[in-house]
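Q: predicted model, plus sequence, below.
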Amino acid sequence: MSLIPWKQATKPPAPGTVSDCTAWYNAWDLKNAEDGSDMSSLNKCLFVVSIEEINMEEFIAWNPSLKDDWTCRLEPLYSYCVAGPGLTMTVGG
C-alpha cells in the first residue's frame, strides 16, 4: 500500500472542486489507522501542498471548500484536486 493516497479519486470530490482535475489526493480516514498511530498530519493542507509541490493558492482555487489558513484540513469523506486546469502531473522521474 502506498503511503500517499493519490492520483485517482477513490472518494467523491469535495464540494465545489473543479471538474477538470487531472490528479487527486484522497483524504485519509484517520479512524482506521491500522496501528492506532496519529496520522492527522496527512489531512493537513500544508502537508498536501508540500508533497504535491503545488502552492496553497492553487490548492484552494481547485478546492474552494477548504480554508486558506493554517487550520486548513481535508474532510475524510472526499477526494481533493492536486492538479487542476493548466497543470499536468507526472509520476516518476
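A: Great, that's in hand. Worth saying up front: this structure is predicted, and the values here are computed from it rather than measured.
Q: so what's the backbone phi/psi at the residue nearest the centre of the chain?
A: The C-alpha lying nearest the average C-alpha coordinate of the chain belongs to Tyr25 (Cα atoms, centre = their mean; 3.6 Å). Main-chain dihedrals, Tyr25, degrees, to the nearest 10: phi -120, psi 120.
Q: so it bridges to which residues?
A: Beta bridges link Tyr25 to Trp6, Tyr80, judged by DSSP bridges.
Q: these two touch, right, it and Glu75?
A: No. At 12.0 Å, Tyr25 does not count as touching Glu75 under the criterion of Cβ atoms under 8 Å. (C-beta placed from N, C-alpha, C; glycine too.)
Q: Ala61: what's its closest spatial neighbour, skipping adjacent residues?
A: Closest residue to Ala61 apart from its sequence neighbours, by Cβ to Cβ, 6 or more residues apart in numbering: Gly84 at 6.9 Å.
Q: meant to ask about Lys11
A: Ser79 (4.5 Å).
Q: I figured the one you found hits Pro15, correct?
A: No. With contact defined as Cβ under 8 Å, Ser79 does not count as touching Pro15 (11.7 Å).
Q: so who does Trp70 touch?
A: Each residue near Trp70 by Cβ atoms under 8 Å, 6 or more residues apart in numbering is listed here: Leu46.
Q: tell me which element it falls in.
A: Counting by DSSP states H and E, no helix or strand carries Trp70.
Q: which stretches of this protein form strands?
A: Secondary structure of the chain (DSSP state E): strands at 23-26, 79-83.
Q: these into TSV, with extra columns for mean pLDDT and distance to Ser40?
A: Formatted as TSV, these follow (pLDDT from 0 to 100; distance: least, Cβ to Cβ, whole Å):
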stretch	mean pLDDT	distance to Ser40
strand 23-26	93	15
strand 79-83	94	16
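Q: of these, which is nearest Lys11?
A: strand 79-83 (4.5 Å; Cβ to Cβ).
Q: gap between that closest one and the chain center?
A: Distance of strand 79-83 from its chain centroid, counting by Cα atoms, centre = their mean, to the nearest Å, is 5 Å.
Q: what's in contact with it?
A: Under Cβ under 8 Å, 6+ apart, the answer for strand 79-83 is 6, 9-14, 17-18, 21-27, 48, 52, 54, 59, 62-63, 66, 74, 89.
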